[in-house]
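# just the structure for this:
(one chain, ligands or ions: 1)
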Amino acid sequence: MSVSDLLAIGEPLVELNQANDAAPFVQGFGGDTSNAMIAAARLGADAAYFTAIGADRFGHALTELWLREGVDASRVVINGGAHTGLYFVTHGTDGHQFSYLRAGSAASRIGESDLPVDRIKATQILHVSGVSQAISSSAADAVFAAIDIAHEAGRLVSYDPNLRLKLWPLRRARAVIHEAMRSCDIALPGLDDARELAGLTDPDAIADFYLRLGARLVVVKLGKAGALAATASRRERIAPRAVAAVDATGAGDCFDGAFLGEFVRTADPFAAARFANVAAALSTLGYGAVAPLPRRAEVEAALAGG
Ligand SMILES: O=C(O)C(=O)C[C@H](O)[C@H](O)CO
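Residues are numbered from 1 along each chain as shown. Predicted coordinates for the structure are as follows:
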């Protein structure tokens with residue numbers, strides 16, 4: 001089997017996004033790790049996704065989405081006894097809010113024995129998140145096992161904490177996420193998540209915390225304030241890209257996918273972080289987690305424009 005760029009494991013969701021109280025819900029797609037792989041594929045990476053979906057209309061729609069986007073979903077499990085997850089996005093004065101209908105979903109029933117072991121071994125970077133582990137204990141254990149499989153094969157593992165307190169309590173989230181991140185190579189925390197999980201607000205202190213925990217490379221996503229990329233020997237603050245954002249849903253996932261794809265392509269984490277910073281900003285220009293994900297030419301044009 002040839003080695004491909006990226007494989008993520010997690011839960012995809014069908015999204016119903018309402019721009020304001022008077023607007024209709026617009027159907028799109030979400031799921032942090034799926035969003036990240038679609039972002040990576042749109043930007044030219046060879047990206048794959050592993051999950052389980054129901055044998056229902058939503059599962060079918062997701063399968064068609066991955067096919068359209070060029071994400072390899074050939075190992076996705078179809079579970080006829082469970083449903084595909086769903087979430088609603090609404091927007092208020094303090095940004096977007098998520099409501100989930102995902103308990104008992106097909107993805108939450110994934111266990112260690114379902115893992116596509118050969119595929120994990122044949123991928124340069126395995127990407128997982130706090131959401132991948134929050135959805136059930138069996139999924140959390142499967143992610144721990146996947147991390148071990150990737151490492152035994154000499155592959156890199158990337159982790160985005162993506163803390164979702166509607167899915168699990170903070171103490172358990174912190175224990176599981178940080179236990180997993182101890183053995184991850186690339187940490188992609190957002191500022192708000194790091195504040196809750198590590199009790200830190202200073203980007204440099206957050207980078208130091210995750211480097212000490214075990215990562216070799218940390219990119220702290222600062223939202224409207226840009227990003228900080230750090231290794232043990234070098235760090236770079238990346239200035240924000242000013243855009244007329246309407247919906248930041250999935251912007252962090254876009255950052256992850258763009259960063260990982262570009263890091264595989266160039267092996268330069270700082271250039272990859274600059275590229276991802278622009279891609280993530282562009283992804284906030286439309287509603288939904290997937291529809292506004294940018295293409296490579298748009299990111300390159302924005303980078304060239306300064
Ligand atoms: O919150 C989640 O669990 C999701 O995966 C839904 C969204 O698409 C995702 O959070 C956006 O980052």
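# and the residue in the chain that the ligand sits nearest to, bridged to which residues?
Closest approach between the chain and the ligand, counting by C-beta to the nearest ligand atom: Gly30, at 2.6 Å. Glycine gets a C-beta too; all of them are placed from N, C-alpha and C. Counting by DSSP bridges, Gly30 forms beta bridges with Leu13.
# look up how far Leu126 lies from it.
21 Å (C-beta to C-beta, to the nearest Å).
# who's more crowded, these two?
Taking neighbours as other C-beta atoms under 10 Å, Gly30 and Leu126 compare with Leu126 leading, 28 against 24.
# is the helix or strand hosting that one anywhere near the ligand?
Per DSSP states H and E, Leu126 falls inside strand 123-129. No - judged by C-beta under 6 Å from any ligand atom, strand 123-129 and the ligand are separated, with a smallest distance of 8.2 Å.
# would you map the strands across this structure?
4-9, 13-18, 26-30, 47-50, 52-54, 77-79, 85-92, 95-101, 123-129, 156-160, 186-187, 217-221, 227-231, 235-238 (DSSP state E).
# what inclination does the first one have with respect to strand 156-160?
This means strand 4-9. Angle of strand 4-9 versus strand 156-160, following axes from the mean of the first three to the mean of the last three C-alpha atoms, to 10 degrees, is 40 degrees.
# quickly check: strand 4-9 near the ligand or not.
No - taking C-beta under 6 Å from any ligand atom as the criterion, strand 4-9 and the ligand are apart, separated by no less than 11.3 Å.
# sketch out the low-pLDDT regions of this protein for me.
306 (pLDDT under 70).
# what parts of it come near the ligand?
13, 30-32, 35, 87, 98, 131, 164, 249-250, 252-253, 289.
# show me how to select, in PyMOL, the buried members of the residues you listed.
To isolate the buried subset of the residues of the chain next to the ligand in PyMOL, counting by 16 or more other C-beta atoms under 10 Å, use the following:
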select buried, resi 13+30+31+32+35+87+131+164+249+250+252+253+289
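# and which of the residues of the chain next to the ligand is nearest to Ser183?
Val131 (18.3 Å; C-beta to C-beta).
# look up how far Ala107 lies from the closest one.
Taken as C-beta to C-beta, the span from Val131 to Ala107 is 10 Å.
# then Gly80?
14 Å.
# quick one: which of those two has more around it?
Counted by other C-beta under 10 Å, Gly80 and Ala107 do not tie: Ala107 has more neighbours, with 32 against 9.
# burial count for the closest residue to that one other than its chain neighbours?
Ranked by C-beta to C-beta, 6 or more residues apart in numbering and with sequence neighbours excluded, the top spatial neighbour of Ala107 is Glu11, at 3.7 Å. Residues near Glu11, counting by other C-beta under 10 Å, number 30.
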